[in-house]
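Peer 1: test case, fold it:
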Amino acid sequence: MLSQQTSIGTKWLATSAVALLACAGSAQAAVTTFAQSALQPTSVLYTDIIGGGIGDVVVMTGGGNANGAGNPSGRNDDGFSGPINFGFDFTFFGATYSSFYANNNGNISFGGGNSAYIPTGPTGASIPTISAWFGDVDTRNLDSGVLHLRQDANQTILTWLNVGYYNGAADKLNTFQMIVRGNDYAIPEGEGAIGFFWLAMPWEVTNTSTTAAVGFGDGAGNAVVLEGSNEPGLNTVVAFKKTWFTTDLDPVDPNPVPEPGTLALLGLGLAGLLAGRRKLS
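Peer 2: Numbering: from 1, shown residues only. Reported below is the predicted structural model:
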């Protein structure tokens, strides 16, 4: 087993390589942000609303430092699992995928596992990545929870339940959830194709980093990220919040204003109702 000092040094070397790769391909990148005002309060996870639990422990198949590949407990650092079949088609940044990789460090990716742990944002990953909380999650401590996976018809749910942080710390535990829906999912009003839910989020500082990030990246530097990503205090911004996104990665307004045509129809209906009442009076 590597000593803590050697382990940290290895992780920093890997981070430098990822950062250089990201910079090399980002000259023409387009990075946009979505406002913190898009986040809505919540005191529960999505699975608490629909029932049925959070699914099975994710057993890792590979990854970086202390990846725990094959360990049925799911405990690891910088591990990933995959490819995992969605059971449906999912389109992201113009490409359609039928499988994904579940990564311990708060995200899923396409085309390969993502062991990156320094939250340079989704643009810091060289593969397409969706990040509910891109931070250095470490679940090796027995007081930490692990990553869980639930797969419903046309919907996949990943839950990082009470997870610790690097290096093996569990004095603070974060809980967050990601929902990914197939292209054919019948989306209810006020929801979306992708959802993020966060409960208590007491940590963002780890032995390797001081910030975290939330959002989407295509692996080529193009990204959509939450305002405040890679800045101190993001954990307090997202704590006990939720948000849904369209297939275009726009936040969904939970209280949409009816279209003008709809308002006109409502007005005609109200006028008819009032006229009927006058006839009866």
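Peer 1: please make it C-alpha for all contacts and neighbour counts, starting now.
Peer 2: Will do.
Peer 1: ends of stretch 87-106, what's the gap?
Peer 2: 22 Å (CA to CA, to the nearest Å).
Peer 1: that stretch: which residues count as buried?
Peer 2: Buried positions in stretch 87-106, judged by neighbour count with 16 or more other CA atoms under 10 Å: 88-90, 92, 97, 99-106.
Peer 1: make a markdown table from these and add secondary structure and pLDDT to it.
Peer 2: Rendered in a markdown table, the data for the buried residues of stretch 87-106 read as follows (DSSP: H, G, I helix; E, B strand; the rest coil; pLDDT from 0 to 100):
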| residue | secondary structure | pLDDT |
| --- | --- | --- |
| Phe88 | strand | 98 |
| Asp89 | strand | 98 |
| Phe90 | strand | 98 |
| Phe92 | strand | 98 |
| Tyr97 | strand | 98 |
| Ser99 | strand | 98 |
| Phe100 | strand | 98 |
| Tyr101 | strand | 98 |
| Ala102 | strand | 98 |
| Asn103 | strand | 98 |
| Asn104 | coil | 98 |
| Asn105 | coil | 98 |
| Gly106 | coil | 98 |
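Peer 1: closest to Ile157 among these?
Peer 2: Nearest to Ile157 among the buried residues of stretch 87-106: Ala102, at 10.7 Å, using CA to CA.
Peer 1: just to revisit the earlier point, just the closest of the buried residues of stretch 87-106 to Ala30, please.
Peer 2: Distances from Ala30 to those, taken by CA to CA, are shortest for Phe92, at 15.5 Å.
Peer 1: what about that closest one, distance to Thr246?
Peer 2: Going from Phe92 to Thr246 by CA to CA gives 11 Å.
Peer 1: ok, now Thr208?
Peer 2: 33 Å.
Peer 1: for Ala186, same thing?
Peer 2: 12 Å.
Peer 1: higher neighbour count, those two?
Peer 2: Ranked by neighbour count (other CA atoms under 10 Å), Ala186 and Thr246 place Thr246 first, with 15 against 11.
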